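Undergrad: dropping the sequence and predicted coords here.
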Amino acid sequence: MAAADSPSAALRRRDLCSRGIRLAGKMRSDVISLLDTYVERQGLDASASVAAVEGVPVAAVEHWDEQGGTQRLLENLAAYRAFRTLLAQMLEEQREQLGEADAALGRALAAVLLQVSAFAYHLEELLRLESSRGPPSEEGAAAPAPPHLGLFERKLRGLGVLQELAQWAVRSARDLRQLAKLSPGSSSVPSPTESP
């Protein structure tokens, strides 16, 4: 972890955090726009709130202020990897359901999917800098088969995915701001949750 304590590593961490915060903000803006389009095109109520959806990571966390930087990054990475799979499933379902009839929705979903993939990669870069172990591998983590749902249930599931993704973008920006606050001196004393 000595490399993560060097001045150049601290500058790189701050730069990665700053870029990540901007990426999260842009992603949230795009997800909110996509949510509006999705609700309209799917014929859903804009005020609908979906309860927890199986397979969708929840952004809310107890004891957020007690989490260490590495733990925050690992949870974010796991969430965005899950969202990458969920959005790919949504895109496939949307293509099956509407074909090319709603190309705008498909393009918007694909754009957000690309942002989620890029953000996951960005988090992996931060983890390489923060942890001697780097990011956990995705090998062996086979994507779960999408549940067999009716059309309306798929629409609600998609709404839940997008709503939670918007919340994760907010949490990610907060997590990266917190990580950026760590001074080079304070990062050399890991919190109990960061110890190897």
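TA: The structure has been received and is ready for your questions.
Undergrad: excluding chain neighbours, what is closest to Ala78?
TA: Pro57 (6.8 Å; Cβ to Cβ, 6 or more residues apart in numbering). Every residue, glycine included, has its C-beta placed from N, CA and C.
Undergrad: pretty sure that neighbour sits against Arg81.
TA: No - with contacts counted by Cβ atoms under 8 Å, Pro57 stays clear of Arg81, the gap being 9.2 Å.
Undergrad: hey, which helix or strand in this protein has the poorest pLDDT?
TA: helix 2-5 (a mean of 51; mean pLDDT, DSSP states H and E).
Undergrad: that older thread, which residues does the residue nearest to Ala78 contact?
TA: Under the criterion of Cβ atoms under 8 Å, 6 or more residues apart in numbering, the contact list for Pro57 reads Ala78, Ala79, Ala82, Phe83, Glu164, Trp168.
Undergrad: quick one: which two of those residues are the most distant?
TA: Ala78 and Glu164 (13.4 Å; Cβ to Cβ).
Undergrad: out of the two, which sits in the more crowded spot?
TA: Glu164 (23 against 16; other Cβ atoms under 10 Å).
Undergrad: re earlier: gap between the helix or strand just after the least confident helix or strand of the chain and the chain center?
TA: Once helix 2-5 ends, the next helix or strand along the chain (criterion: DSSP states H and E) is helix 7-42. From the chain centre to the centre of helix 7-42 is a distance of 9 Å (Cα atoms, centre = their mean, to the nearest Å).
Undergrad: ok, and for helix 7-42, which residues are buried?
TA: 9-10, 13-14, 16-17, 20-21, 23-24, 27-28, 30-31, 34-35, 38-39, 41-42 (16 or more other Cβ atoms under 10 Å).
Undergrad: apart from its chain neighbours, what residue comes closest to Arg128?
TA: For Arg128, the closest residue by Cβ to Cβ, 6+ apart turns out to be Gly134, at 4.7 Å.
Undergrad: can you tell me the SS state at that neighbour?
TA: coil (DSSP: H, G, I helix; E, B strand; the rest coil).
Undergrad: quick check: it vs Glu125, distance?
TA: 10 Å (Cβ to Cβ, to the nearest Å).
Undergrad: neighbour count for these two, which is higher?
TA: Glu125 (15 against 12).
Undergrad: in contact with that one, which residues?
TA: Contacts of Glu125 (Cβ under 8 Å, 6+ apart): Leu16.
Undergrad: quick check: pLDDT value at it.
TA: Looking at Glu125, its pLDDT reads 93.
Undergrad: for it, give its distance to Arg12.
TA: 9 Å.
Undergrad: which SS class is Glu138?
TA: Applying three-state DSSP: Glu138 is coil.
Undergrad: just give the nearest non-adjacent residue to it, would you?
TA: Arg81 (6.4 Å).
Undergrad: the one you found is in contact with Ala120, isn't it?
TA: Yes - with contacts counted by Cβ under 8 Å, Arg81 reaches Ala120, the gap being 5.7 Å.
Undergrad: could you tell me which residues touch both of these two?
TA: In contact with both Arg81 and Ala120: no residue, using Cβ under 8 Å, 6+ apart.
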